[in-house]
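> Have a look; sequence and predicted model below, questions after that.
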Amino acid sequence: MGTDHAMVPVWLIQSGRCERVLAADIRSGPLESARALLIKTGTADRIRLMQTDGLAGIGPGDGDTVILAGMGGETMTDILSAAPWTREEGTLLILEPQSKKADLRRFLRDNGYAVQSEQLVRDAGRIYPVLTARSGDSRAYTEAELHLGLPEQVGSNPLFGEYLDIMRSQAQKAAPYDGAAAALVREYDEIKRRLGP
């Protein structure tokens, strides 16, 4: 949501991954930019633009996959909370939180979603997780896994070692003043030891 210039919807159509896409944004300016791109790429007949806040006015009959990307985990939890239909069986969520990743994973765990897979991607020099989730029972997470992702899902990713070091460094800065951050550092060290070099 927040389709901005509609680059993802256009790619989904042009790559053949989707036959039809609904692209939404809360602001009219990005939707006008999106409309111009749809015309330029000849995809306007297969991408419907909608001005709305999050998933308001969108329901399960509008598609089987929801992509939320380029926003914080707290915004994603607000959007998903207001759209309980996303917990219906069959709805796939593709989520790319740029901040508050632990809050998002905690929300998913506590609200009937199960994370099915997780990958790491680099964009503009920063590493981000990309999660897929569906309705289901979530497994238990340690506090470090809420922040980092499940090591069995992301541990083999070539970016994982670097990502783990970044997350550990962030926790280490707060550790002298915050017992929870100090505990996170210890958990990160144990994950690193368990996964090896």
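Sure, I can see it. Numbering: from 1, shown residues only.
> Show me what the helix-or-strand element of the chain with minimal mean pLDDT is packed against.
Using mean pLDDT, DSSP states H and E, helix 151-154 stands out as the lowest-scoring helix or strand of the chain, at a mean of 88. The contact analysis (3 or more Cβ pairs under 8 Å, 6 or more residues apart in numbering; DSSP states H and E) places helix 151-154 against strand 113-123, helix 160-174, helix 179-195. Heads up, the C-betas are built off the backbone N, CA and C, glycines and all.
> and the last one, which residues are buried?
Of all the residues in helix 179-195, those buried under the rule 16 or more other Cβ atoms under 10 Å are 184-185, 187-188, 191-192.
> ok, back up a step: starting at the chain centroid, how far to the least confident helix or strand of the chain?
16 Å (Cα atoms, centre = their mean, to the nearest Å).
> what's the answer for stretch 85-98, then?
9 Å.
> what's next to stretch 22-31, contact-wise?
1-6, 8-9, 34, 47-55, 58, 62-63 (Cβ atoms under 8 Å, 6 or more residues apart in numbering).
> got a pLDDT number for the residue nearest to Leu148 when sequence neighbours are not counted?
Counting by Cβ to Cβ, 6 or more residues apart in numbering, Met167 is the residue found nearest to Leu148 once chain neighbours are left out, at 5.5 Å. Met167 carries a pLDDT score of 94 in this model.
> follow-up on the earlier one: now the helices and strands packed on helix 151-154 in TSV, with distance to Arg20?
Converted to TSV, these look like this (distance: least, Cβ to Cβ, whole Å):
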stretch	distance to Arg20
strand 113-123	24
helix 160-174	35
helix 179-195	41
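> Figure out which of the ones you listed is closest to Gly149.
strand 113-123 (4.6 Å; Cβ to Cβ).
> In its sheet, which strands sit next to the closest one, and in what direction?
Here strand 113-123 is paired, per DSSP bridges, with strand 126-135 (antiparallel).
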